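After the sequence you'll find the predicted model.
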Amino acid sequence: MKLNKREKYTVFAGGAFVCLFILLQFIVFPFMEKKERLERNLLSKTKTLEEMRALQSEYNVLTKQAELSKIRFARKKKGFTLFSFLDRLAGEAGIKDNIAYMKPSKSDKKDSPFKLSLVEMKLQGINLKQLTPYLHKIETSENSVFIRKISITKKGKEKGFINAVLQVETFEI
């Protein structure tokens, strides 16, 4: 079978098209898909690595805080009680006469050798200049004492005077 020039070009063009199709379909496209998949995988792994580094730094901060808490807890004086501590600080701050009540309570923490010691106290007829140093002494003491909750209300119609209810807590052995 003899083909004329035009038919030869057509057969050649068809063969080139088939070769190009096979080349694209089985070599180029799979290569590009694999490259895109690897790039997506790399981005995903990079994001995971960044998250792991952030978690590692957060873990390091928490570990340091735990070590500091252990040191503070070890420094706490033997026989420390939250009730007497708050009473003594109120005397130092000059607001002992303004204490309406102090309600101590203790609760065991599950899976922990520590007990949560809590004192709820109400201060009546004080001003902010009296309350602020007292709160500062509580929060900055080396006994790991924290104010969990504070509620401040205006005292009647007297100007500048307030009532405050505090919930103060610490951990004890």
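Now that the structure is in, tell me what you want to look at. Computed from a predicted structure; not experimentally measured. Numbers count the residues shown, from 1 in each chain.

Report how many residues lie close to residue 85.
Around residue 85 sit 21 other residues, with neighbours defined as other CB atoms under 10 Å. Using the backbone N, CA and C atoms, a C-beta is placed for each residue, glycine as well.

need the contact list for it.
141, 143, 145 (CB atoms under 8 Å, 6 or more residues apart in numbering).

Need the phi and psi values for the first one.
Put plainly, it is residue 141. phi -70, psi 160 (degrees, to the nearest 10).

And it, how far from residue 149?
18 Å (CB to CB, to the nearest Å).

The two: who's more crowded?
More crowded of residue 141 and residue 149, by other CB under 10 Å: residue 141, with 15 against 11.

contacting residues for that one?
85, 89.

Who are the packing partners of the biggest helix by length in the chain?
For the chain, the helix with the greatest residue count under DSSP state H is helix 29-75. With contacts taken as 3 or more CB pairs under 8 Å, 6 or more residues apart in numbering; DSSP states H and E, helix 29-75 sits against no other helix or strand.

now that helix, how far from the chain's geometric center?
15 Å (CA atoms, centre = their mean, to the nearest Å).

buried ones in the helix or strand that comes right after it?
For helix 29-75, the following helix or strand on the C-terminal side (DSSP states H and E) is helix 82-93. Across helix 82-93, burial judged by 16 or more other CB atoms under 10 Å covers 82, 85, 86, 89, 90, 93.
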